[in-house]
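In: I would like to see how this sequence folds:
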Amino acid sequence: MYPYYATFFISILLCALGERQLHRSRFWSCPLISLSVLCPVILAGARDFSIGLDISAYGNYVFETACNYSNFSRYMRTHREIESLYKVMAFLVSRFTDNAHWFYFVTALIICGCTMAGLLYYRGRGWCSLTLAWACFLFIIYGDTLNIMRQCIAVAIAFAAFPLFLEKKYLLYFIAQIAAIQFHVTGMIAFCLPLIYILMKIYRAKWIYICAVIACFAAIQFYSPALAYLIRIHLLPQKFTRYLADGFAFALNPTILRLPFLLPILYFNDRFCGFDCYGNELRTTSSKRQKPPVKNAGKKIHLNWGIRLRAAMQDSPEGENNVDRTLGMLVIFVLLLEICTVQLRSVLPTLYRISYYFSYYRFIAYARLTDILRRDNRVLMILALFAYLCVLWYYQNVLQGNNMIYPYIYAPDWFRRITYFSTGI
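Out: Numbering: from 1, shown residues only. Have a look, this model is predicted:
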């Protein structure tokens, strides 16, 4: 437990110093934030191969195969059940070393680096504290990154890619999202976020989102027949049969673990969507907007959906404030969506991983909650957040034994750069 806690708090301290320097000098902020990312990356690379179940499931043998092949095309025809970019990454690392620890170092570097890139974007928009959001990542998800490595790479890339969509860099977003899918096929789930965002810019009624969450929760009960049909018509590979299951039950435990901060976010949802990072009320939320008088009010006006969609994709009259409000609504909706997908754990434990594509938004949501409160309550909320994160990590990884990462075992020879001579296959 202590290696994790020590690494986390050193990383958080470096991140706090780096965030503080963002106001003064980027020359010092970049090295500090980079060191903050490097701390958990080194911890991942230096771990023994017994830490994390997926190391023995696919990590080691994919990398060992890459080390034994000098012909790239022949290597790519091996392990067809593994996504292509993961094998490409293994092959590239194997050109420099056959020490698998460096392969896991690079894996963690991609995950942590993409996560930090995404958090920097939301921090730059004044949405949340970078330090608190980074702390949430370390305590909530980092343990999972030591196990489900391919999917965590896909989740981190998808999280970092969504800001490209918000900045209207659609081609770059599409390329990044396809890259996430090529690390793990479940990355296609993240394609729903732009669609939800666009719909929220068109339709502002909250009851629509409540109905959507209820519909999603109901659809989970019938996912298994739908998945079986997609496999039968060959739209999904046969390996997805392991996700088939019968029955449904409510997963109470993971739901309770999320309520301490989900409930305040829902209670302060107006502030969450309409306040800036200092808790000051935006002009667009101080009062309801007055609708302009409509001529011929007795006539029902039907707007073309295509026109509304095009208007939603363009900048709105409210400018950046409106974008923040829509983003706030999206984050709250995603948090509720995560609660729904978490229930899949009661059907089949591996299905729980689908919720990771929504779990990443817990980081910016929890960090933002501390910013929308009054200044005298902010310190108490930050202390409560750190206490919650520490207890949550201990409960999930020590008491429950999630991901088989506790106790931490150090590999003394992890840093050795061992070169090799391929067999010429």
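
In: Nearest the geometric middle of this structure, what residue?
Out: Tyr360 (3.0 Å; Cα atoms, centre = their mean).

In: I'd assumed Ile111 was in contact with that residue.
Out: No: using Cβ atoms under 8 Å, Tyr360 makes no contact with Ile111, being 10.9 Å away. For every residue, glycine as well, the C-beta is placed using N, CA and C.

In: Common neighbours of the two, please.
Out: Overlap of the contact sets of Tyr360 and Ile111 (by Cβ atoms under 8 Å, 6 or more residues apart in numbering) consists of Ala156.

In: Which parts of the stretch 151-300 of the chain are helices?
Out: For the stretch 151-300 of the chain, applying DSSP state H, counting those that start in this stretch gives helices covering 170-183, 192-202, 206-220, 223-232, 252-267, 269-274.

In: I'd like the average pLDDT over the second one.
Out: Rounded to a whole number, the mean pLDDT of helix 192-202 is 87.

In: same question, the last one
Out: Per-residue pLDDT values across helix 269-274 average out to 79.

In: and what of the first one?
Out: When pLDDT is averaged along helix 170-183, the result is 95.

In: list the buried ones in that helix?
Out: Within helix 170-183, the residues that count as buried by 16 or more other Cβ atoms under 10 Å are 173, 176-177, 179-183.

In: could you dump the helices of the stretch 151-300 of the chain to a markdown table with distance to Met381?
Out: Formatted as a markdown table, these follow (distance: least, Cβ to Cβ, whole Å):
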| stretch | distance to Met381 |
| --- | --- |
| helix 170-183 | 33 |
| helix 192-202 | 26 |
| helix 206-220 | 25 |
| helix 223-232 | 36 |
| helix 252-267 | 8 |
| helix 269-274 | 13 |
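
In: Select, out of those helices, the one closest to Ala6.
Out: The closest of these to Ala6 is helix 252-267. By Cβ to Cβ, the value is 24.0 Å.

In: How far away from the center of its chain is that closest one?
Out: 18 Å (Cα atoms, centre = their mean, to the nearest Å).

In: ok so, going back, enumerate every residue touching the residue nearest to the centre of the chain.
Out: Contacts of Tyr360 (Cβ under 8 Å, 6+ apart): 115, 118, 137, 141, 155-156, 159.

In: do the same with Ile111
Out: In this structure, Ile111 makes contact with 145, 149, 152-153, 156, judged by Cβ under 8 Å, 6+ apart.

In: Relative to Ala367, how far out is Tyr229?
Out: Counting by Cβ to Cβ, to the nearest Å, the gap from Tyr229 to Ala367 is 41 Å.

In: and if you look at Asp376?
Out: For Asp376, the distance to Ala367 - Cβ to Cβ - is 19 Å.

In: who's more crowded, the two?
Out: Ala367 (26 against 7; other Cβ atoms under 10 Å).

In: Counting neighbours, what do you get for Pro194?
Out: Quick note: Pro194 (other Cβ under 10 Å) scores 18 neighbours.

In: distance of Gln182 from Tyr4?
Out: For Gln182 relative to Tyr4 (Cβ to Cβ), the value is 30 Å.

In: My error: substitute Ser94 in the last question.
Out: For Ser94, the distance to Tyr4 - Cβ to Cβ - is 29 Å.

In: Also Met200?
Out: Using Cβ to Cβ, one gets 37 Å for the distance from Met200 to Tyr4.

In: for Gly124, same thing?
Out: 29 Å.

In: what stretches of the stretch 301-425 of the chain score poorly on pLDDT?
Out: 301-324, 344-351, 417-425 (pLDDT under 70).

In: list the contacts for Asp54?
Out: Neighbours of Asp54 in contact, by Cβ under 8 Å, 6+ apart: 147-150.

In: Oh, that last question was meant for Pro260, not what I typed.
Out: Residues in contact with Pro260 (Cβ under 8 Å, 6+ apart) are Tyr388.

In: Show me which of the buried residues of helix 170-183 is closest to Phe72.
Out: Using Cβ to Cβ, Gln182 is the member of the buried residues of helix 170-183 that lies nearest Phe72, at 15.6 Å.

In: surely that closest one meets Ile82?
Out: No: applying Cβ under 8 Å as the test, Gln182 and Ile82 come out as separate, 10.6 Å apart.

In: Please point out which parts of the helix or strand where Cys39 lies sit buried.
Out: Cys39 is part of helix 26-45 when elements are defined by DSSP states H and E. By 16+ other Cβ under 10 Å, the buried positions in helix 26-45 come out as 29, 32-33, 36-45.

In: Return the item of those residues having minimum pLDDT.
Out: Ser29 (88).

In: Could you find the closest non-adjacent residue to that residue?
Out: Spatially, and ignoring its direct neighbours in sequence, Ser29 is nearest to Gln21 (3.8 Å; Cβ to Cβ, 6 or more residues apart in numbering).

In: List the residues that contact Cys390.
Out: By Cβ under 8 Å, 6+ apart, Cys390 lies in contact with 5, 139.

In: what helix or strand is it on?
Out: Per DSSP H and E, the secondary structure element for Cys390 is helix 375-393.

In: Using neighbour counts, pick out the buried residues of that helix.
Out: Residues of helix 375-393 classed as buried by neighbour count (16+ other Cβ under 10 Å): 381-382, 384-386, 388-389, 392-393.

In: got CSV for those, with distance to Lys87 too?
Out: Putting the buried residues of helix 375-393 into CSV (distance: Cβ to Cβ, whole Å) gives the following:
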residue, distance to Lys87
Met381, 44
Ile382, 43
Ala384, 44
Leu385, 39
Phe386, 39
Tyr388, 39
Leu389, 35
Leu392, 34
Trp393, 32
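
In: Among those residues, find me the one that's closest to Asn99.
Out: Nearest to Asn99 among these, with distances taken as Cβ to Cβ, is Trp393, at 28.8 Å.

In: With Leu109 as the reference, measure out to that closest one.
Out: Taking Cβ to Cβ, one finds Trp393 at 22 Å from Leu109.

In: give me every residue that touches the closest residue to Tyr122 other than its chain neighbours.
Out: Among residues not flanking Tyr122 along the chain, Ile364 sits closest, at 4.9 Å (Cβ to Cβ, 6+ apart). Contacts for Ile364 (Cβ under 8 Å, 6+ apart) come out as 119, 122, 127-128, 133, 331.
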